[in-house]
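*Asks:* Would you be able to build a 3D model of this:
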Amino acid sequence: MEQSRRPFAGLLSFRKRALFFLAILGPGIITSVVDNDSTGIAGYSIAGARFGYGLLWALLLSAIALAVIQEMAGRMGAVTGKGLADLIREQFGVRVTMVAMVALLVANATTVVAEFAGVAAAAEILHVSRYIAVPVAALVVWFLVVWGSYRRVERILLAGSAIFLVYIVAGFVVHPDWHEVIRSSIVPSFHFSAGYLAVFIGLIGTTITPWMQFYQQATVVDKGIEANDYAYEQVDIWVGALVLYIAAFFIIVVTGATLYVHQIPIDSAADAAKALQPLAGRFAEYLFAIGLLNASLMAAAVLPLSTSYALSEAFGWERGVNRGFREAPVFLGLYTGLIVFGALMALWPGAPLFILLWLPNVVGGILLPVILVLMLKLVNDRRLMGKWSNGPFRNAVAGSTAGAVVILTGIFLVVTVLSLFR
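*Replies:* Got it, this is the predicted structure:
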């Protein structure tokens, strides 16, 4: 009798593991998917429009680097039960924390403006006035977090992640040269022209951004994931990086197969959607616009949330999606303020949108290497991490990733500053 039950033991064990993984699923996928926001879509669209499939290999490397960095953040959250800003304050002091938080606030606040500008642009392509779409979007994302529970917010964001499938559909609609796509994905090509260098570094920068590490670690803590369960969250992070890569891959494929072939210049995701219509049909244009609208809505909810988490952790304020205004007034007040600021600036005629959309790249470019160095110090502190600290292999991968990002960020800032004086 005992032997007859044994064949089912593995099945039951697998089922339990699968259900447990589904319960933990969320922080990694949401963080990575939201990174494909309006600025991300713009960066990938410009890469495809200007250089065709030539930067697909760089996208693959940046997705691998992203998985390494986000894994460290998730592991620290599960082991310590604390957010990244909290650990930075405890280990490096108030001054370092203050500088990092001010930079993060500036970068995220201006990026929130970009997200609502993305909502406005996508809505108008879909024949809805921005003066209707932006206020409605602001109310929806505010209500989602302020009056929702963590579980409800997570489920809605995970459902929204599925809409990124429209880019895969659009990729097959435009009939790219798949042989060339595959070759460009694995064979590096590089040249040192200023234009190529700016787009190359911009692609890396839009894939790995500072807010992601803070949000990843904060949501792992908020969800109550512990070290013993971390293997499941690790899979969640890797799946998230893969989902980001697939969406970005097809954005480059779509714009490379159409805009690059016809040499149509673009400066934004909205430009890309509009330019697709005469080349690939209105269906492709609408697919791109729907993807942009979804990405902008998700990021408009998550970016203010990541900022509220980080600042609340840094200064010891009550925080959490499950808390109300009475329990966490600063946390939810920051969230509300960032949404109001972003929506108003996106609707304000004559607002300096160029500066607001350019600023997060510069501030984020300065902040990211600092955050990566601090993370490496934290994750290698055995008093803090114990057996979960980085081993030699992880240090080699993470250290080389951080070093590459530092170098690329430095080049990016030089190129950006020089471009202002042309």
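*Asks:* Neighbours of the nearest residue to M385 once chain neighbours are set aside, how many?
*Replies:* Residue nearest to M385 in three dimensions, not counting chain neighbours: V79, with 5.6 Å by Cβ to Cβ, 6 or more residues apart in numbering. C-betas here are computed from N, CA, C, even on glycine. Look at V79: counted by other Cβ atoms under 10 Å, it has 19 neighbours.
*Asks:* these two touch, right, V79 and R383?
*Replies:* No: under the criterion of Cβ atoms under 8 Å, V79 makes no contact with R383, lying 11.8 Å away.
*Asks:* Isn't E71 up against D236?
*Replies:* No: judged on Cβ under 8 Å, E71 makes no contact with D236 at a distance of 10.2 Å.
*Asks:* Run through the helices of the stretch 201-350 of the chain in chain order.
*Replies:* Under the criterion DSSP state H, counting those that start in this stretch, the stretch 201-350 of the chain contains helices at 210-222, 230-255, 269-280, 282-315, 329-347.
*Asks:* Now the longest one: buried residues?
*Replies:* By neighbour count with 16 or more other Cβ atoms under 10 Å, helix 282-315 contains the buried residues 284-314.
*Asks:* Also the second one?
*Replies:* Neighbour-count burial for helix 230-255, counted by 16+ other Cβ under 10 Å, picks out 230, 232-234, 236-241, 243-255.
*Asks:* packing partners for that helix?
*Replies:* If contacts are counted by 3 or more Cβ pairs under 8 Å, 6 or more residues apart in numbering; DSSP states H and E, helix 230-255 sits against helix 2-24, helix 27-34, helix 38-51, helix 56-80, helix 165-173, helix 269-280.
*Asks:* Contacts only, for the nearest residue to A67 once chain neighbours are set aside.
*Replies:* Closest residue to A67 apart from its sequence neighbours, by Cβ to Cβ, 6+ apart: A241 at 3.8 Å. Applying Cβ atoms under 8 Å, 6 or more residues apart in numbering, we find A241 in contact with G28, S32, A63, I64, L66, A67, Q70.
*Asks:* tell me which of those is nearest to L203?
*Replies:* Nearest to L203 among the contacts of A241, counting by Cβ to Cβ, is A63 at 10.7 Å.
*Asks:* The residue lying closest to the closest one once chain neighbours are set aside and F92, how far apart?
*Replies:* Distances taken as Cβ to Cβ, 6+ apart place Y245 nearest to A63, at 3.8 Å, with adjacent residues excluded. Here the criterion is Cβ to Cβ, to the nearest Å. By it, Y245 lies 32 Å from F92.
*Asks:* Tell me the pLDDT of I88.
*Replies:* The per-residue pLDDT reported for I88 equals 92.
*Asks:* Likewise for F20?
*Replies:* For F20, the pLDDT comes out at 41.
*Asks:* worst average pLDDT in the helices of the stretch 201-350 of the chain?
*Replies:* helix 269-280 - the lowest mean pLDDT of those, at a mean of 67.
*Asks:* quick one on the thing from earlier: buried among the contacts of A241? Make that a ChimeraX selection.
*Replies:* Remark: buried members of the contacts of A241, expressed as a ChimeraX selection using 16+ other Cβ under 10 Å:
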select :28,32,63,66,67,70
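*Asks:* quick one on the thing from earlier: weakest of the helices and strands packed on helix 230-255 by average pLDDT?
*Replies:* Of all those, the minimum mean pLDDT falls on helix 2-24 (a mean of 45).
*Asks:* Before I go, just wanted to say thanks for your time.
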